[in-house]
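K.L.:
Fold the following.
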Amino acid sequence: MKALRTHLPTSLVFRLLPVVAVALLGLLALQPSPVGAVGTVAKVCSQTSPNLYTCTLTISPTIDTDPGSWLVQMDTASTGTFASTPVVSASTTGCSTLPGVASPGSFISGPAGTADYDVVIGSGGCDSSATVVITETIAVTASGQVCQKVWVVASSPFETACATVTYTAPGSGPFTGSIAPSGASLVVFGGGTVMDLGDAATAAGIRSVWLTTGGMLVGYVPGAPSFVNAGFTMAFPNGVPAGPVILVASAS
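P.N.:
Residues are numbered from 1 along each chain as shown. Just a heads-up that it's a prediction; the model follows:
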């Protein structure tokens, strides 16, 4: 027995094609589209004093965003921590109102935990070409990279931005850091006796040294009579510890 084969008339096939095409387009329209995609995230850091950096985090979404929160979290592998609450820069563009910052941030998810801070998008939202610039102060604990994760929508994939930083370890000698030829500078002393500090300051052309102790700024003037430096000597009877950032004034 010959196999039974069914043939559709050619005219019927051409009539069914538009119907099938419309049905397929309808199915495609039902598929979920990506949400909360972030176009670009960039991070730039510059050193302001030993182990302290000022950084800018720039977020540019590829979608229009409604009022709400963008979530920012320091990567656990980073070599720094936030020294203060970040601030949204006035150079931000593309948002109806200047966003704010809420710290600590919102819950992201079980695996991710909580954001370090939220970028709060105000009334009117931000358009797809917006550029939101956040200024951060970061204290570094090791040389390497400071990386942050950014979610425009908590349920969306995050984007990561990194910047390279350098940690200055306290030494066992004079100052670490750049000393301006005139005016004030912030440096790190390697530790030692008050006399060691005085000798190092004299060699570096420093007129006076200032440290904070007990919430007060105490000064030391190398080569000055003992009564001038009595307060400093009493504040540091066992010498000056290594590590703290100190203020120095150059002699010229």
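K.L.:
now stretch 142-150, how far from the centre of its chain.
P.N.:
Chain-centre distance of stretch 142-150: 8 Å, with C-alpha atoms, centre = their mean, to the nearest Å.
K.L.:
For it, which residues meet the burial criterion?
P.N.:
144, 146-150 (16 or more other C-beta atoms under 10 Å). C-beta: built from backbone N, CA, C; applies to glycine.
K.L.:
what do you get for stretch 195-207?
P.N.:
Burial within stretch 195-207, assessed by neighbour count using 16+ other C-beta under 10 Å, is assigned to 196-198, 200-201, 204, 206-207.
K.L.:
Same list (those) but as JSON lines, adding distance to Ala249.
P.N.:
Shown next, in JSON lines, are the buried residues of stretch 195-207 (distance: C-beta to C-beta, whole Å):
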{"residue": "Asp196", "distance to Ala249": "19"}
{"residue": "Leu197", "distance to Ala249": "14"}
{"residue": "Gly198", "distance to Ala249": "14"}
{"residue": "Ala200", "distance to Ala249": "14"}
{"residue": "Ala201", "distance to Ala249": "10"}
{"residue": "Ala204", "distance to Ala249": "11"}
{"residue": "Ile206", "distance to Ala249": "7"}
{"residue": "Arg207", "distance to Ala249": "5"}
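K.L.:
Tell me which of those has the lowest pLDDT.
P.N.:
In terms of pLDDT, the lowest of those is Ala204, showing 82.
K.L.:
quick one: contacts for it?
P.N.:
174-175, 179, 248 (C-beta atoms under 8 Å, 6 or more residues apart in numbering).
K.L.:
excluding its backbone neighbours, what's nearest Leu57?
P.N.:
Spatial nearest neighbour of Leu57, excluding adjacent residues (C-beta to C-beta, 6 or more residues apart in numbering): Ile134 at 4.5 Å.
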